[in-house]
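Colleague: Return atomic coordinates for the entry below.
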Amino acid sequence: MVTKKELTPEEAAAAGPEAVSPTATTTEAPADAVAADTTHAAVAVADEVAVRHIIRTHLLLAAGSAVIPVVLLDDAVLAGVQLNLLRELAKHYGVDFRGDIGKAAIGTLLATVAPATLGGSLLGSFAFRHTLKAIPLVGPVLGLLTQPAFNAAFTYALGKVFAQHFASGGTFLTFDPAKVTDFFKEKFNEVRGKSAQAAAAAA
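Modeller: Numbering: from 1, shown residues only. Take a look at the predicted model:
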């Protein structure tokens, strides 16, 4: 039986790539694939951690805005927090920020959960809520009991919806609230009625 002669390094270099044993490439390929998979997984984990941190930070700020005793200032702060959430998520995913579209999306999504959450009651009306909040002692106490949890749940769901949209290649220009309503309600209900700290832990 004739055996194949092993080439010296000098002979292999002179003979060219075709003379190199295929065994070498087959042993190196799996290692490269494992390294690539490991790197990809690490990047995905880091990305998820960063997104969760952005959402967690903003939902806590949103909950905190509910205790501001000045009428209308609380809503202005909340709107600023939620717009900044969208701005930070857009920056993370390399998407151009559009404040006008962001404001419209927030308003549309709010309309999908506010009536059901507040039961369509008088308490849910904008004017009544702010009139009541202006009453010393009663208003601030009511705000502390109800509004922080709602703000946190809404901001949590808002962040989850836009994170998913941007991660799938979407932009503000392609965002359609009607297509994400079910997912938004699902995320909102995940933490609905829970404390801001519990919502933050779920983010």
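
Colleague: So which bits of the helix or strand harbouring Phe154 are buried?
Modeller: Here Phe154 sits within helix 138-167, counting by DSSP states H and E. Buried residues in helix 138-167, counting neighbours by 16 or more other CB atoms under 10 Å, are found at 139-140, 143, 146-163, 165-166. No exception for glycine: its C-beta is placed from N, CA and C like everyone else's.

Colleague: Quick check: buried residues in the helix or strand just after it?
Modeller: Sequence-wise, the next helix or strand downstream of helix 138-167 (DSSP H and E) is helix 177-191. By neighbour count on 16+ other CB under 10 Å, the buried set for helix 177-191 is Pro177, Val180, Thr181, Phe184, Lys185, Lys187, Phe188, Val191.

Colleague: Tell me which residues of the following helix or strand past helix 177-191 come out buried.
Modeller: Using DSSP H and E, the helix or strand that follows helix 177-191 towards the C-terminus is helix 196-202. Buried residues in helix 196-202, counted by 16+ other CB under 10 Å: Ala196, Ala199, Ala200, Ala202.

Colleague: Helix or strand with the lowest mean pLDDT in this protein?
Modeller: Every helix and strand of the chain was ranked by mean pLDDT, DSSP states H and E. The lowest is helix 126-133, at a mean of 52.

Colleague: Pretty sure Asp175 sits against Thr108.
Modeller: No, residue 175 isn't Asp; it's Phe. No: Phe175 sits out of contact with Thr108 when judged by CB atoms under 8 Å, with a separation of 10.0 Å.

Colleague: neighbour count winner among the two?
Modeller: Shown here are Phe175 and Thr108; by other CB atoms under 10 Å, Phe175 has more neighbours (21 against 16).

Colleague: CSV please, covering the buried residues of helix 196-202 and showing pLDDT and distance to Val77.
Modeller: As requested, those are exported to CSV (pLDDT from 0 to 100; distance: CB to CB, whole Å):
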residue, pLDDT, distance to Val77
Ala196, 85, 15
Ala199, 88, 18
Ala200, 88, 18
Ala202, 86, 23
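
Colleague: mind giving me a markdown table with these and columns for distance to Pro30?
Modeller: Below are the buried residues of helix 196-202 laid out as a markdown table (distance: CB to CB, whole Å):
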| residue | distance to Pro30 |
| --- | --- |
| Ala196 | 47 |
| Ala199 | 43 |
| Ala200 | 41 |
| Ala202 | 38 |
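
Colleague: Setting aside sequence neighbours, what's the nearest residue to Lys194?
Modeller: Closest residue to Lys194 apart from its sequence neighbours, by CB to CB, 6 or more residues apart in numbering: Ala149 at 6.5 Å.

Colleague: isn't Val77 right next to Ala63, touching?
Modeller: No: taking contacts as CB under 8 Å, Val77 lies outside contact range of Ala63: 11.3 Å.

Colleague: Thank you, goodbye.
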